[in-house]
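In: Here is my input; please provide its structure:
(one chain, ligands or ions: 1)
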Amino acid sequence: MIERAHPFLDGKPKRMLIGGHWVDALSGETFDSVNPATGKVIAQLAEGEAEDVDRAVAAARTAFEGPWGRFKPFDRQALMLNIADTLERRFDDLCVLETLDMGAPIARTSTYKRWIVQALRFYAGQAVALAGTTPHNSFPGDMFSYTLRAPLGVVGGIIPWNGPLISQLWSVCPTLATGCTLVLKPAEDASLGVLRFAEIMQEAGLPDGVVNIVTGRGSTAGARLAAHPDVDKIAFTGSTATGRRIIEASAGNMKRVAVELGGKSPDIIFADADLERAVPGAGMGCFNNSGQICYAGTRVFVQRPIYDEFVERLAAFSKTIKVGDSLDPATQLGPLVSSRQLSTVTNYFDIARAEGATVASGGERLGGDLAEGFFVPPTVLSGMTNDMRTAREEIFGPVASVIAFDTEEEAIRLGNDTQYGLGGAVWTRDVGTAHRVARDVRAGMMWVNCYGTTESTVQSEGLGMSGYGVKGGQRHVEEYLYSKTVWMNLA
Ligand code: ADP
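Out: Residues are numbered from 1 along each chain as shown. Below is the predicted model:
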């Protein structure tokens with residue numbers, strides 16, 4: 001693995017953005033940021049704690065009550081369009097930084113450009129489309145009633161490490177579109193791209209205090225943000241266990257909360273499916289980003305007549321996937337994000353074997369010239385049933401549990417036999433089957449003959465232990481606003 005220089009990685013500790021200034025933690029403490037491809041430290045990050053969060057929330061409140069509050073919709077739109085244009089020019093370095101920070105291959109992070117620029121432009125459009133209503137009333141006399149839509153105030157964004165450049169946008173974009181302000185806490189394992197993105201926003205004219213970034217631990221900085229009495233809303237993406245803590249902490253001041261949590265999504269392949277598409281489609285639907293995607297299709301249900309053939313083809317396909325140096329444009333899968341995540345995933349390899357699964361491909365940490373990093377191969381487990389731990393628990397690694405089914409009704413029942421409800425897919429040439437399965441699987445997102453497409457214009461939300469709160473589309477923007485009803489006596 002070749003070490004590469006990056007202009008952002010200049011050896012100086014990375015500071016936090018509070019009130020428009022780049023500052024150290026009040027304690028002066030820092031922590032290491034590791035490149036998961038090499039296991040080497042590439043930067044030091046300021047270790048923000050509760051007192052730093054307090055400073056950031058105060059800065060966000062000041063900005064909310066200050067000149068930012070007087071930005072007109074077209075002013076906010078202009079800012080967002082300028083961020084999009086600036087980002088377009090700066091993106092090539094930014095995606096390399098994201099790759100060095102969390103391991104996703106450059107072939108993946110470079111595709112974020114289109115996605116992020118479009119998201120900024122979509123939400124910029126939303127900024128000028130906010131509107132209240134004028135409901136008619138029958139109250140005696142002459143009463144006029146109307147509703148206003150007003151920004152909620154200070155938002156806390158807490159995001160995970162599996163795709164921070166994208167994750168942060170889910171709170172940055174609606175914040176800017178609505179006139180809220182934001183304190184963002186990126187994950188310990190992947191904060192660098194978020195810090196660089198903030199520099200780009202500043203270059204594009206972001207007013208001081210509108211977006212603040214506090215790096216630090218979840219148990220200290222994150223917990224303080226979730227509990228902070230002056231934060232009006234928390235937008236969280238991460239694990240189900242942490243999501244529950246966030247919801248509990250939010251109760252202190254009745255914050256609004258949106259939580260996008262884990263998943264164990266069913267990918268259902270019928271015997272009539274076009275296997276030329278279904279095999280790589282289901283494969284990458286599970287393995288993409290080394291399986292570190294909340295809606296990954298990790299339970300692959302295959303109709304019995306094609307089960308053996310499918311397992312064989314999926315295993316063969318998984319062996320063609322290039323795992324390795326994330327900066328090589330031909331690489332399809334990079335390392336897992338951390339040594340902790342590596343232990344979690346390799347532990348599930350052991351659990352699967354102990355449960356009696358057959359490892360059709362993968363199933364061991366990769367060594368050789370990848371031994372320094374946190375690499376595992378795409379792994380196909382066959383002979384699985386839906387009640388095994390590997391089929392029930394979110395692994396967050398490139399591990400497909402392939403499970404046989406006989407009938408459509410059984411596929412739907414097994415697909416729904418999970419605590420989660422984030423995503424799912426169906427592969428078939430029968431239009432009736434496609435519609436019925438898409439309708440009857442309980443999940444916030446369903447794909448037909450494809451897997452994992454998302455765009456900022458198209459909403460998604462989870463069910464059950466996958467959490468709640470809309471991301472994407474117009475409804476997402478509305479979740480950053482409150483409705484105020486005004487009654488006016490005209491008589
Ligand atoms: P993981 O365990 O895979 O790192 P988490 O859901 O714990 O996933 O992390 C997602 C984000 O939540 C990270 O930014 C993390 O720092 C933060 N976090 C972790 N614990 C807490 C907590 N108790 N309160 C608030 N944020 C937290």
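In: A258 - that's part of a helix, no?
Out: No: A258: not assigned to a helix; according to DSSP: H, G, I helix; E, B strand; the rest coil it is strand.
In: Per-residue pLDDT of the residue lying closest to it once chain neighbours are set aside, please?
Out: Nearest non-adjacent residue to A258, counting by CB to CB, 6 or more residues apart in numbering: G469, 2.5 Å away. Where C-beta positions appear, they are placed from N, C-alpha and C, glycine not excepted. pLDDT, G469: 97.
In: Also A5?
Out: Value listed for A5 in the pLDDT field: 80.
In: How is it assigned, secondary-structure-wise?
Out: coil.
In: Now do it against Y348, distance only.
Out: 36 Å (CB to CB, to the nearest Å).
In: Compare neighbour counts for these two and give me the winner.
Out: It is Y348, of A5 and Y348, that has more neighbours when counted by other CB atoms under 10 Å, with 24 against 6.
In: Make sure that one is indeed in a strand.
Out: No: looking at Y348 with three-state DSSP, it is helix, so not inside a strand.
In: Find the nearest non-adjacent residue to it, please.
Out: Spatial nearest neighbour of Y348, excluding adjacent residues (CB to CB, 6+ apart): I395 at 4.8 Å.
In: hang on, isn't that neighbour packed against S343?
Out: No: if you go by CB atoms under 8 Å, I395 and S343 don't touch, sitting 11.9 Å apart.
In: Compare the two (neighbour count), which wins?
Out: For I395 versus S343, the count of surrounding residues by other CB under 10 Å is larger for I395: 24 against 13.
In: who's in contact with the more buried one?
Out: Residues counted as contacts of I395 (CB atoms under 8 Å, 6 or more residues apart in numbering) are G291, T298, T344, V345, Y348.
In: mind listing which of these are in helices?
Out: T344, V345, Y348 (DSSP state H).
In: My read is that E203 contacts R89, right?
Out: No: using CB under 8 Å, E203 is not in contact with R89; the gap is 9.5 Å.
In: Between these two, which has more neighbouring residues?
Out: E203 (14 against 9).
In: The nearest residue to the more buried one once chain neighbours are set aside: neighbour count?
Out: Counting by CB to CB, 6+ apart, T86 is the residue found nearest to E203 once chain neighbours are left out, at 5.5 Å. T86 is flanked by 18 other residues according to other CB under 10 Å.
In: and T86, what helix or strand is that in?
Out: helix 73-102 (DSSP states H and E).
In: Next secondary structure after that helix?
Out: helix 106-109.
In: what's the residue nearest the centre of the chain in contact with, if anything?
Out: The centre of the chain sits closest to S167, judged by CA atoms, centre = their mean, with a distance of 4.3 Å. For S167, the contacting residues are I159, P160, T237, by CB under 8 Å, 6+ apart.
In: ok, so of these, who is nearest the ligand?
Out: Using CB to the nearest ligand atom, P160 is the member of those that lies nearest the ligand, at 4.1 Å.
In: wait, that closest one sits on G243?
Out: No: here P160 does not reach G243: they are 10.6 Å apart, not a contact under CB under 8 Å.
In: burial count for the residue found closest to T390 once you drop the neighbours it is linked to in the chain?
Out: Excluding the flanking residues, the one nearest T390 by CB to CB, 6+ apart is A352, at 4.5 Å. The number of residues packed around A352, counting by other CB under 10 Å, is 24.
In: Run through the neighbouring helices and strands of the helix or strand harbouring A352.
Out: Secondary structure assignment for A352, by DSSP H and E: helix 339-354. The contact analysis (3 or more CB pairs under 8 Å, 6 or more residues apart in numbering; DSSP states H and E) places helix 339-354 against strand 358-361, strand 379-384, helix 389-392, strand 399-405.
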